[in-house]
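>>> Take a look and give me a structure for this.
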Amino acid sequence: MLPKMARVLKVAAASAAGLFPRLRTPVSTVRTSASLSSHPGAGPVWNLGRLNHVAVAVPDLEKARAFYKNVLGAEVGEPVPLPEHGVSVVFVNLGNTKMELLHPLGSDSPIAGFLKKNKAGGMHHVCIEVDNINVAVMDLKEKKIRILSEEAKIGAHGKPVIFLHPSDCGGVLVELEQA
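A predicted model of the protein is given here:
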């Protein structure tokens, strides 16, 4: 059974190498919900946590709020402007996670650019919690994963966040948030 599992893992690693070309270090462990260390051996160790939220860019924040609240019956928060990020956000509580509705706050907002390309809006990023964002940043930089800011910024939950370049993450913009 173990040799077959090893072959499966090698095939999976080869497939992942095509999706994540900048990730050069081989991964030799399988993550489980009980043990989520970033990698074995020497170097910094940090752990992934739960999915915090899925962010969706919306062209009309009030219309989106009304849909999730009145049509789907979700618990929907109030808009919160985050000028340092160039967005207004509304959180939709889904019980096991959240959705973050994003709307541009000014024409220089990164969400304004996203909405120019995607007029109807759409999924913008996923946010995953980490137990030590500073160690995660150092480790990811060593692995040649590009980070979109020089240092962590305070996010919508009042905790440090960073964003990883989508080209290094299989085409997905990934936000890491301090748990």
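
>>> C-alpha only now, for contacts and for neighbours.
Fine.

>>> Can you give me the pLDDT of Ala13?
Here the pLDDT value assigned to Ala13 is 45.

>>> Repeat that for the one 3 residues further on.
At Ala16 the predicted local confidence, pLDDT, stands at 48.

>>> All further residue positions should be reported with the first residue as 796.
Taking 796 as the first residue, the last one we looked at is Ala811.

>>> Distance of the closest residue to Phe886 other than its chain neighbours relative to Lys911?
In space, and not counting its chain neighbours, Phe886 is closest to Glu895: 4.7 Å by CA to CA, 6 or more residues apart in numbering. Distance, Glu895 to Lys911, by CA to CA, to the nearest Å: 19 Å.

>>> now swap in His848 and tell me
23 Å.

>>> Among those two, which residue is more densely surrounded?
Between His848 and Lys911, counted using other CA atoms under 10 Å, His848 has the larger neighbour count: 22 against 11.

>>> just checking, that one touches Glu924?
No. His848 sits out of contact with Glu924 when judged by CA atoms under 8 Å, with a separation of 9.3 Å.

>>> contacting residues around Ile906?
By CA atoms under 8 Å, 6 or more residues apart in numbering, the contact list for Ile906 reads 852, 881-882, 897-899.

>>> what about it, which helix or strand?
helix 905-912 (DSSP states H and E).

>>> Can you find the helix or strand in this protein with the smallest mean pLDDT?
Sorting the helices and strands of the chain by mean pLDDT, DSSP states H and E puts helix 797-814 at the bottom, at a mean of 46.
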